[in-house]
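Novice: Please work out how this folds:
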Amino acid sequence: MSDRRPGRAIEAAMLLSVAGVLAAACGTPPAPPPVAVTPIPPRPVAVARPAPVTPPDVNPLEGSGDIPKYEANGRRDPFEVYQVRGGSDGLTIASTRLTGIVRNSGSALALLEAPDGIGYILRPGDTLGDGRLMDIGLDNVVFAVTAKPGAPTTRVVLRLLTN
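Specialist: Residues are numbered from 1 along each chain as shown. Take a look at the predicted model:
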């Protein structure tokens, strides 16, 4: 006995024809006609240039008594330029004193105090006055001091004073 039915072939033929019609209907739509675009020329833009700024010749606070004044009261004026000069008229290593040494696992810092009470924190290679810090020991520091340019350097050791 055969499992063939006569209507089965007709169904398959109909399905193929419907699929062909659907494939033809689902194709890409026709492209729209091209539209002509005319470019619009750019309009000139006016650029406003700022007026040059000139500093006023007169301080607006001058004469009103509102200008703040610094009162030093024995302290150094923070608004003055401070320069450390070496040599006879400036700071010398011989006039400073070693007040402390700070160490951690990788480096050390030397704490020095000038005769005028100003403190300096230095690491090896730093320059202060007429000398360059070469080494920081356990209780001393070593400076290479040059009296004047071209002269040989002198080794100066400052020791930490313990009370």
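
Novice: three-state assignment of Leu161?
Specialist: coil (DSSP: H, G, I helix; E, B strand; the rest coil).

Novice: Could you number the chain from 50 rather than 1 from now on?
Specialist: Renumbered: residue one is now 50, and that last one reads Leu210.

Novice: This structure: strands as residue ranges?
Specialist: 146-152, 157-162, 168-171, 176-177, 180-185, 189-195, 202-208 (DSSP state E).

Novice: So which of these is nearest Pro127?
Specialist: Of all the strands of the chain, strand 168-171 sits nearest to Pro127, with 15.4 Å by Cβ to Cβ. From N, CA and C alone the C-beta is placed, and that goes for glycine too.

Novice: Where does pLDDT dip in this structure?
Specialist: For the chain, residues meeting the criterion pLDDT under 70 lie at 50-56, 58, 69-79, 103-117, 128, 130-138, 212.

Novice: Output the strands of the chain as TSV; include the columns distance to Pro127.
Specialist: Rendered in TSV, the data for those read as follows (distance: least, Cβ to Cβ, whole Å):
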stretch	distance to Pro127
strand 146-152	22
strand 157-162	19
strand 168-171	15
strand 176-177	20
strand 180-185	26
strand 189-195	28
strand 202-208	28
